[in-house]
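# Here's a sequence, model it:
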Amino acid sequence: MGSEGKWESDFEWDPAAEDELRAIEAAYASSNKRTGSSPPDSEPRSKTRRLPKWNRHRAAASSAADVSALWALAPSPCRVNVGTSYQSMKFMGRIVYSKTASEVEQATKEILDKIKALKSFEQVSLGFDIEWKPVFRRGEPQRKAAVLQICMDTANCYVMHIIHSGIPPILKSLLEDSSSVKVGVCVANDAWKMRKDYGVGVESLMDLSSLANTKFGGPPKKWSLSSLTEKITCKELEKPSKIRMGNWEADVLSKEKIQYAATDAFVSWYLYQALKGFPDVNIGSEDMEKVNTVS
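Take a look at the predicted model:
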C-alpha cells in the first residue's frame, strides 16, 4: 500500500486464469467485429485497459460459434478430483485503494476516462458492490456503507474507503449516470443503502440473479454471488467470515480485505459478461412474475 493510497496486487498468473482472460479479450474483439466498430489504432484497447503484456495481442474469434463457446456453462454438476477442492475465483489484476477525498476523486477520474474510451464501442458495465461493518447486538442500527467497489475489466478494480472520504461530487456523478449499468447480486439493495446513507442515487442497475433466471430456465431461484460463480465457472468464491464480518471502518483496510472487496466487484462484472452472451430462454408471464418476485 503506497503513500498515495494505491496498492497493486501481485501478477501471479496461472494457466487457468490466463485462459479466462484471453477468452474475455476474444469476446470483446468479436463484439466489435459484429458491430463494425474497432478502437482507433492510436488508442488500442490493451492500452486503455492496461492488460498484462502477454495479453496485448488479442486472438480474433473465427466464428460466432467460437464466441458462444467462450461463455459456455461449466459442467453441471461441477466435478473435482478426489482429495482436491474447487479452484478459488480471485481477481488477479491491479487494485487501486483510496481513502481520502482527493484519492477517491483521482480514482473516479480514471474510471470516467476508461468509460469515455469504451462508450463508442460497447455498453459499459461496472461491477458494483459495497461493504459495511456488521452489528451484533439486537436492535442496534445498521452501520453506514464503509467501502464501495467498482470493477470494469480484467485489469483494474477500485476499492474506495468512503466512510473516510465521503462521496465527492465526481463520484456522485458517476454513480448517478444511467449510461453505465451497475451490475451485481441484489444490487438494488446496495443502491437503496447508498441513497439512505449518503443521499446518492445509483443508476442504472442490473441484478445478476434475475438475469441468470432469464438465461437458465427452469424454476426461478434466488442466486447468491457464490452460487452463480460456481454455476458458471465451477470455481469457488471464498467468503471467509473473519473478512466478510470484519471491521470495514478500520483506519486502513488490510490487504486481505482489499483483495476480498475487489474480487466481489470483479466477479460481478465477469459474470455479467458471461450471462449477457447466453440466449434468453422462453419464459411465460407467470414464470416471469416469479422471477421478479424472487429478485
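# Just the helices from this protein, written as ranges.
Ranges of helices in the chain, per DSSP state H, are 15-35, 45-49, 64-70, 101-118, 162-165, 169-176, 187-198, 208-216, 225-233, 241-244, 255-275, 285-294.
# rank those by pLDDT, which is bottom?
Confidence, taken as mean pLDDT, is least for helix 45-49 of the helices of the chain (a mean of 35).
# Wait, Trp132 touches His161, no?
No: between Trp132 and His161 there is no contact under CB atoms under 8 Å: 11.7 Å. The way it works is simple: take the backbone N, C-alpha and C, and place the C-beta from them, glycine included.
# any residues in contact with both of those two?
146-147 (CB atoms under 8 Å, 6 or more residues apart in numbering).
# the more surrounded of the two?
His161 (26 against 17; other CB atoms under 10 Å).
# quick one, phi psi at the more buried one?
Torsion angles at His161 (phi, psi; degrees, to the nearest 10) stand at phi -90, psi 70.
# Quick check: it vs Lys116, distance?
Per CB to CB, to the nearest Å, His161 is found 25 Å from Lys116.
# same deal with Val96?
From Val96 to Lys116 the distance is 18 Å (CB to CB).
# More neighbours: these two, which one.
Val96 (23 against 11).
# correct me, but that one touches Val159?
Yes: between Val96 and Val159 a contact is recorded at 7.1 Å, counting by CB under 8 Å.
# tell me how far the ends of stretch 197-206 are from each other?
21 Å (CA to CA, to the nearest Å).
# Renumber starting at 830 from here on
Yes, from this point I'll number from 830; that puts the last item at stretch 1026-1035.
# Any buried residues in it, and which?
Within stretch 1026-1035, the residues that count as buried by 16 or more other CB atoms under 10 Å are 1026-1027, 1029, 1031, 1035.
# Stretch 1015-1027: which residues count as buried?
1015-1016, 1019-1020, 1022-1023, 1026-1027.
# again, but for stretch 1063-1079
Buried, per 16+ other CB under 10 Å, within stretch 1063-1079: 1063-1066, 1072, 1075, 1077-1078.
# next one: stretch 927-940
So, applying 16+ other CB under 10 Å, buried residues of stretch 927-940: 927-928, 930, 932-937, 940.
# Pick out the most distant pair among those residues.
Lys928 and Ile940 (16.4 Å; CB to CB).
# next one: phi and psi at Ala984?
Per-residue torsions, Ala984: phi -110, psi -30 (degrees, to the nearest 10).
# isn't it right next to Gly922, touching?
Yes: counting by CB under 8 Å, Ala984 does reach Gly922; the two are 4.5 Å apart.
# more neighbours, the two?
Gly922 (22 against 19).
# Report pLDDT for that one.
pLDDT at Gly922 comes out at 96.
# wait, it sits on Gln1088?
No: contact criterion CB under 8 Å: Gly922 and Gln1088 do not qualify, at 11.0 Å.
# Tell me who's in contact with Lys1068.
Ser1055.
# so what's the backbone phi/psi at it?
Here Lys1068 shows phi and psi, under degrees, to the nearest 10, equal to phi -130, psi 70.
# From Ile996, how far off is Val1029?
Applying CB to CB to Val1029 and Ile996 gives a distance of 5 Å.
# can you list residues touching both of the two?
Common neighbours of Val1029 and Ile996 (CB under 8 Å, 6+ apart) are Leu1004.
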